[in-house]
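Asker: Structure of the sequence below:
(one chain, ligands or ions: 2)
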Amino acid sequence: MASTIVAILRGMARSATYVAGVDSSTQATKVLVVDPSDGSVVREARRAHPDGTEVDPRAWWDALAGALGEVGTDDVAAIAVAGQQHGMVLLDEAGEPVRDALLWNDTRSAPDARALIEELGGAEAWAEAVGTVPVASITATKLRWTSRAEPENAGRARTVMLPHDWLTWRLCGMPDEPVTDRGDASGTGYWSTVTGEYRPDLLELAFGRALGVPRVAGPDEVVGHTEGGIVVGPGTGDNAGAALAIGPGAGEVIVSIGTSGTVFTGYDRPTADASGLVAGFADARGGYLPLIATLNAARVLGVGAGLLGVDPEGFDELARAASPGAGGLVLLPYLDGERTPDRPQAQGRYVGLTTANGTRENLARATVEGMLCGLADGVDALTAQGVPARRALLIGGGSRSAAVAELAPDVLGLPVEVLAPQEYVALGAARQAAWALQGEEPSWRVPRETSRDVTDASISEEVRARYADVRDGRAP
Ligand SMILES: Nc1ncnc2c1ncn2[C@@H]1O[C@H](COP(=O)(O)OP(=O)(O)O)[C@@H](O)[C@H]1O
Ligand SMILES: O=C(CO)[C@@H](O)[C@H](O)COP(=O)(O)O
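Answerer: Ligands and ions are numbered 1, 2, ... in the order given. Sure, this is the predicted structure:
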């Protein structure tokens, strides 16, 4: 009987026509079932994740199982998982989580980041060694925190994985050899974008001893099969997944407004920014993905709407009704501490409130402008590394805001194209699944529309100058 079921499942997998892509992001799991012939989405499902910056990884597995159950996989031939970067999933001898995963936006390891920088001889030494200067988001700093603050948990740990590695390993039936990919490995602090290899010495520096790490698979590798015989692709980090889906052209930077705000693009050589602003990541193809990430993006808009007691549409209406510059009211959007710039203890601040500008419209506008100014700083950091930025492509939940779409060109000082609402990370994972299944990268392109131009260059200058005064402590 059991063998008959296995045979039926295998038969299904052989006759299946679709591929599935997963985005296991900070706030939710999103699954797309995609037609591999043209990249069109045929079905999708979503399951929320628990709140907080430490999460039992089994909650992600339950969310994935729920979303896959909803979309159905009988006609799915291949799957790949992209996931939030950097999260530390520590497993014991039996493969069970030693503790809840510490996520990318957990800032408790900020002092450990500073210690590690000093121990290797400074920021430049890290940038040269792995392409990235550690901040609290980077996995190595979370390993150091665990070994320092929770020696018992550290003592039981045998393997460290990232969220997408762990989900991929579980999908494949927990084989002896887990896998990751270069895109996600490049955010650990112990895999070098420069050499394309692990740096076991840096993992040991962080944790005090060796730990098992996943093998780095090639971009189109079949890394295993699900119990039902579905081909599993290597997966990648969420930003690398979005880049794979979109394929930004020369001079185009992707600006993702999700829980994190990220600005990144594909690049032909590794970057090594000793200022620590630009993370020199790898992409999911064999190239590079210089990136800046902020801790404060779409949720800033949610807080603004909450303060004003309106829904997202009402918030957009208010923000669009105010004039550029919000009458001089400025939001420093570091609500949850900040990573770029590295200010883990920072908090948000509205500055410059007067009786003349104290309106609901200006409060909404200052909120959107402040969040966008944080991303504009990111664009500047990328260009300072020689990465050209002539047009921004907006994605992520926050890009669905009409106010963000309208204000972005003038605040960023760049033409902006808001891509059609889509789960681009999951679409990138589906592309990778199709690549692994068919042995060649699909030729699909995401639909592109016209971009909005900057209406007045002086707006960017004024809004950003006032913001910089607040950011750098010059405002009265
Ligand atoms: N129309 C909108 N206006 C403002 N924020 C929005 C809108 N739609 C979704 N969001 C916000 O986008 C975020 C989710 O975006 P998403 O890119 O899926 O995040 P993540 O990948 O980090 O889970 C949520 O904080 C949600 O409130
Ligand atoms: O830390 C980073 C990038 O370095 C974040 O971009 C995470 O990868 C989380 O992404 P979202 O869940 O916000 O999309």
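Asker: so where's this structure shaky on pLDDT?
Answerer: For the chain, applying pLDDT under 70 flags the ranges 1-15.
Asker: Return the residues of it in contact with ligand 2.
Answerer: Residues of the chain lying close to ligand 2 (Cβ under 6 Å from any ligand atom) are 25-26, 84-86, 104, 137, 187, 237-239, 258-260, 262, 279, 291, 293. In this view, the C-beta of every residue, glycine as well, is placed from N, C-alpha and C.
Asker: Now, the residues you listed that are in strands?
Answerer: With strands taken from DSSP state E, the overlap with the residues of the chain next to ligand 2 comprises 237, 262, 279, 291, 293.
Asker: Neighbours of the second one, how many?
Answerer: When neighbours are counted by other Cβ atoms under 10 Å, residue 262 registers 26.
Asker: That one contacts residue 239, doesn't it?
Answerer: Yes - at 5.4 Å, residue 262 and residue 239 qualify as touching, with contact defined as Cβ atoms under 8 Å.
Asker: and for the two, which residues touch both?
Answerer: Both residue 262 and residue 239 are in contact with 254, 256, 291, 293, where contact means Cβ atoms under 8 Å, 6 or more residues apart in numbering.
Asker: Do stretch 419-428 and ligand 1 come into contact?
Answerer: No - counting by Cβ under 6 Å from any ligand atom, ligand 1 is not contacted by stretch 419-428; separation bottoms out at 6.9 Å.
Asker: can you give me the strands for the stretch 301-450 of the chain?
Answerer: Remark: strands assigned in the stretch 301-450 of the chain by DSSP state E, counting those that start in this stretch are 330-332, 349-351, 391-395, 416-418.
Asker: got the contact list for the longest one?
Answerer: Strand 391-395 is touched from outside by 242, 246, 248, 251-257, 263, 379, 404-405, 408, 412, 414-419, 422, 424, 451, with contacts defined as Cβ under 8 Å, 6+ apart.
Asker: please redo it, this time with the cut-off set to 6 Å
Answerer: 252-256, 412, 414-419, 424 (Cβ atoms under 6 Å, 6 or more residues apart in numbering).
Asker: Domains in the protein, by residue range?
Answerer: 2-239, 246-414+446-476 (automatic domain parsing).
Asker: Of the shared contacts of residue 262 and residue 239, which is the most crowded?
Answerer: residue 291 (33 neighbours).
Asker: is it true that residue 82 lies in a strand?
Answerer: Yes - under DSSP: H, G, I helix; E, B strand; the rest coil, residue 82 sits within a strand.
Asker: List the contacts of the residue in the stretch 301-450 of the chain that ligand 1 sits nearest to.
Answerer: In the stretch 301-450 of the chain, the residue that lies nearest ligand 1 is residue 397 (2.0 Å; Cβ to the nearest ligand atom). Listed by Cβ under 6 Å, 6+ apart, the contact partners of residue 397 are 258, 298.
Asker: Over to the one 3 residues further on?
Answerer: By Cβ under 6 Å, 6+ apart, residue 400 lies in contact with residue 421.
Asker: what do you get for residue 330?
Answerer: Counted by Cβ under 6 Å, 6+ apart, residue 330 has contacts 351-352, 366, 466-467, 470.
Asker: Compare these and tell me which is most surrounded.
Answerer: For these, the largest neighbour count, defined by other Cβ under 10 Å, is 31 neighbours, found at residue 366.
Asker: is it true that it touches residue 333?
Answerer: No - counting by Cβ atoms under 6 Å, residue 333 is not a contact partner of residue 366; they are 9.7 Å apart.
Asker: rewinding a little: out of the shared contacts of residue 262 and residue 239, who's nearest residue 347?
Answerer: Distance to residue 347, by Cβ to Cβ, is smallest for residue 293 among these, at 18.7 Å.
Asker: quick one: that closest one and residue 264 touch, right?
Answerer: No - taking Cβ under 6 Å as the definition, residue 293 is not a contact partner of residue 264, at 8.4 Å.
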